[in-house]
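Visitor: Give me the fold of what follows.
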Amino acid sequence: MCFRLIAIIVFLALPTSCKKKTASVVDNHSIVVLDGAKIYPSPSAKPIDNGVVIITNGIIKTVGEKGKVNIPVNAEIINCNGLFMTSGFWNNHIHFHEQKWQNADSIPSEQLTTQFNEMLTRYGFTYAFDISNIAIENVLALKSRVDKGEVKGPHILTTGAPFTPPEGSPFYVEPYTLPEMESPEQAKLHVQEQITKGAAGTKMWSASPDGEKIVYMPLEIGKAGVEAAHQMGKPVFAHPTNNAGVQRAIDCGVDILAHVSPEDRKPWSPEMIKMMISNNMAVIPTLKLYKWDLERFDIETENHPLIMTAIQQIKDFNESGGETLFGMDTGYMTDYDTKEELQLMQQAGMDFQEILTSLTTAPAKRFGYKDKTGKIEPGMEADIVLLSEDPMINIEALARITYTLKKGQILYESSSYHK
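Guide: Okay, the predicted model is just below:
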C-alpha cells in the first residue's frame with residue numbers, strides 16, 4: 001500500500017512549487033505528476049519499476065524512470081509508491097438497462113457519478129460500449145452529460161437498438177420486443193437510422209431463442225445490416241446463442257461476437273475458428289455471465305458443461321491467435337465485480353499480457369481510438385488505472401483499483417486507500 005507524502009518533515013523538504021495535493025484538488029487542466037508506481041506502459045512493453053508520468057491538460061507528456069525525469073514547476077504530485085499502473089480499461093459489453101439509468105437528463109449529477117462509480121469506474125473502466133439499448137436517446141443523454149463534464153464517468157459508446165430476425169425477438173427481454181427485420185431494406189434503414197442518431201456500431205441476433213426454438217437471421221437480411229454499418233464506418237456485433245449462430249454471424253460478415261456460444265455444449269471446430277480469424281472477427285467472452293445465470297436458478301456451477309464449454313471456446317480461439325475483447329454483459333448482469341471474469345479468462349489459458357490487451361490496446365485499435373488511448377506513452381490521453389497489487393503476479397489485481405483517471409481527471413478513488 002502506498003501513502004501520500006504527508007509527513008510534515010518531508011513536506012517541508014519539497015520545493016513549494018511541487019507540494020503534493022489530494023486527489024480531490026487535482027485539476028485535469030494543470031500539470032499532474034504520478035510519481036513512483038510500477039508502470040505497465042502497454043501489454044507488450046517492458047515495465048518501468050519506479051516510474052513517473054507527467055500529464056499536462058489531460059495529455060501524457062512524459063513517461064520515464066524516477067530520477068531521470070525533470071518534474072515541472074507548479075506540478076501537482078500524487079505519490080504512487082507501491083501502486084501499479086496500466087492504461088484505462090474498456091468494458092466492451094455493457095447495458096444501461098436498469099431502471100436507475102432512465103430519465104438520464106434529470107438524474108442528479110452526484111447520484112449519476114456514484115452510479116458510474118458502482119458499475120464501471122471503480123473497476124478501472126474509462127471506456128464502455130453499450131451494445132443493445134432500445135432507448136438510444138437515453139444512452140446519448142448519459143454520454144452527453146459525461147462529455148460536458150457535468151458528471152464523472154467513462155467515455156460511452158452505444159449501438160442503440162439492435163435488430164433480430166423476423167419473429168425473433170429473444171424471450172428473455174419480455175415484455176419488451178426488439179426490432180424484428182422483415183427485409184434487407186428494413187435492416188439497412190434501421191442501421192442507418194441508429195448510426196445517424198449517434199450510434200457507434202450496430203448489433204444483431206444471428207440466432208435468437210424465442211422461448212420455443214432458435215430463430216436464425218436470414219442471410220440476406222443480416223448481410224444488408226452489416227453492409228449498411230460498414231458503409232458508415234461502424235462495427236457490427238452479433239449475439240450468436242449457439243454454434244450455428246456463430247456460423248451465421250461469420251457468413252453475414254459480423255465483426256465481433258458479443259458472447260461465446262456454449263449452449264450446444266460443443267467446442268468450436270478448428271475450421272470455424274480459422275474462418276473467424278480469417279474474417280478478423282473478435283470475441284467478447286462474458287464467461288462470468290454463464291456462472292451468474294446458473295447461480296440465479298440455484299444450479300451447481302462447478303464443472304458445469306455450460307461454463308466448461310465457454311472456457312474451452314475462448315481457450316481454443318485464443319491459442320489460435322484470435323482477438324479477445326474484455327466484456328461481461330454488465331448491466332444485464334447486476335453483479336458488476338470483474339474479479340471472476342478475470343479468473344475465468346485466466347482459466348481459459350489467457351496470461352496477463354493477453355488479458356491486459358483485451359482491456360486496452362485491442363479495443364482501442366478495433367474501435368478507432370488507438371491514437372488516443374490504450375497505452376501509457378507521450379501524446380496519449382491520460383486514461384490511467386492505478387492498482388493496489390501487481391497484476392503480473394495476481395490477475396485479480398486488475399479488479400482492485402485505487403485510482404481511475406480519464407484525461408488526467410480522477411473519476412474514482414478507493415475509499416480504502418490510506419493517504
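
Visitor: My read is that residue 179 contacts residue 162, right?
Guide: Yes - Residue 179 lies in contact with residue 162 (C-beta atoms under 8 Å); the separation is 7.1 Å. Any C-beta I mention is one placed from the backbone N, CA and C, and that applies to glycine too.

Visitor: hmm, which helix or strand of the protein has the shakiest average pLDDT?
Guide: When the helices and strands of the chain are compared on mean pLDDT, DSSP states H and E, helix 8-13 comes out lowest with a mean of 30.

Visitor: in the sheet, who's paired with the nearest residue to residue 122 once chain neighbours are set aside?
Guide: Excluding the flanking residues, the one nearest residue 122 by C-beta to C-beta, 6 or more residues apart in numbering is residue 412, at 5.1 Å. For residue 412, the beta-bridge assignment (DSSP bridges) gives partners residue 404.

Visitor: so what's residue 154 closest to, chain neighbours aside?
Guide: By the measure of C-beta to C-beta, 6+ apart, the closest residue to residue 154 outside its immediate chain neighbours is residue 128, 4.6 Å from it.

Visitor: Dig out what that neighbour forms beta bridges with.
Guide: Bridge pairing for residue 128 (DSSP bridges) gives the partners residue 91, residue 156.

Visitor: what's it in contact with, if anything?
Guide: Contact partners of residue 128, counting by C-beta atoms under 8 Å, 6 or more residues apart in numbering, are 90-91, 94, 120, 154-157.

Visitor: now do residue 378
Guide: Shown in contact with residue 378 (C-beta under 8 Å, 6+ apart): 60-63.

Visitor: Buried ones from these, can you make that a PyMOL selection?
Guide: Here is the PyMOL command that selects only those of the contacts of residue 378 that count as buried (16 or more other C-beta atoms under 10 Å):
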select buried, resi 60+62+63
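
Visitor: Point out the ones among the contacts of residue 378 that are inside strands.
Guide: Where these overlap with strands, as defined by DSSP state E, the overlap consists of 60-63.

Visitor: ok, now which ones touch the spatially most central residue of the chain?
Guide: With the centre of the chain defined as its mean C-alpha position, the nearest residue by C-alpha atoms, centre = their mean is residue 91, 1.3 Å away. Contact criterion C-beta under 8 Å, 6+ apart gives 120, 123, 125, 127-129, 154, 326-328, 330 as the residues in contact with residue 91.

Visitor: ok, 10 Å please
Guide: Listed by C-beta atoms under 10 Å, 6 or more residues apart in numbering, the contact partners of residue 91 are 119-120, 123-130, 154, 284, 325-331, 336, 338, 341, 359, 363.

Visitor: Quick check: phi and psi at the nearest residue in space to residue 257 that is not next to it in sequence.
Guide: Distance criterion C-beta to C-beta, 6+ apart; nearest residue to residue 257, sequence neighbours excluded, is residue 283 at 4.7 Å. As for residue 283, its main-chain torsions (degrees, to the nearest 10) stand at phi -130, psi 130.

Visitor: Now do residue 283: how many residues are near it, please.
Guide: Residue 283 is surrounded by 26 other residues when neighbours are defined as other C-beta atoms under 10 Å.

Visitor: phi, psi of the residue lying closest to residue 274 once chain neighbours are set aside?
Guide: Computed as C-beta to C-beta, 6+ apart, the closest residue to residue 274 that is not its neighbour in sequence is residue 320, at 7.4 Å. Backbone dihedrals for residue 320, given as degrees, to the nearest 10, come out at phi -90, psi 0.

Visitor: And the ones in strands among the contacts of residue 378, which two are furthest apart?
Guide: Checked with C-beta to C-beta, these reach their widest spread between 61 and 63, with 8.6 Å between them.

Visitor: Name the residues contacting each of these two.
Guide: With contacts defined as C-beta under 10 Å, 6+ apart, the residues adjacent to both residue 61 and residue 63 are 53-54, 378.

Visitor: Just give me the closest of these to residue 400.
Guide: For the shared contacts of residue 61 and residue 63, the residue nearest residue 400 by C-beta to C-beta is residue 53; the value is 19.8 Å.

Visitor: Looking at strand pairing, list the partners for the closest one.
Guide: According to DSSP bridges, the residues that bridge with residue 53 are residue 34, residue 63.

Visitor: wouldn't it be in contact with residue 65 here?
Guide: No - using C-beta atoms under 10 Å, residue 53 makes no contact with residue 65, being 11.2 Å away.

Visitor: which of those two has more neighbours?
Guide: For residue 53 versus residue 65, neighbours defined as other C-beta under 10 Å are more numerous around residue 53 (28 against 12).

Visitor: Tell me which residues touch that one, please.
Guide: With contacts defined as C-beta under 10 Å, 6+ apart, residue 53 is in contact with 32-35, 37, 39, 41, 60-64, 69, 78, 80, 85, 376-378, 382, 384, 405, 408.
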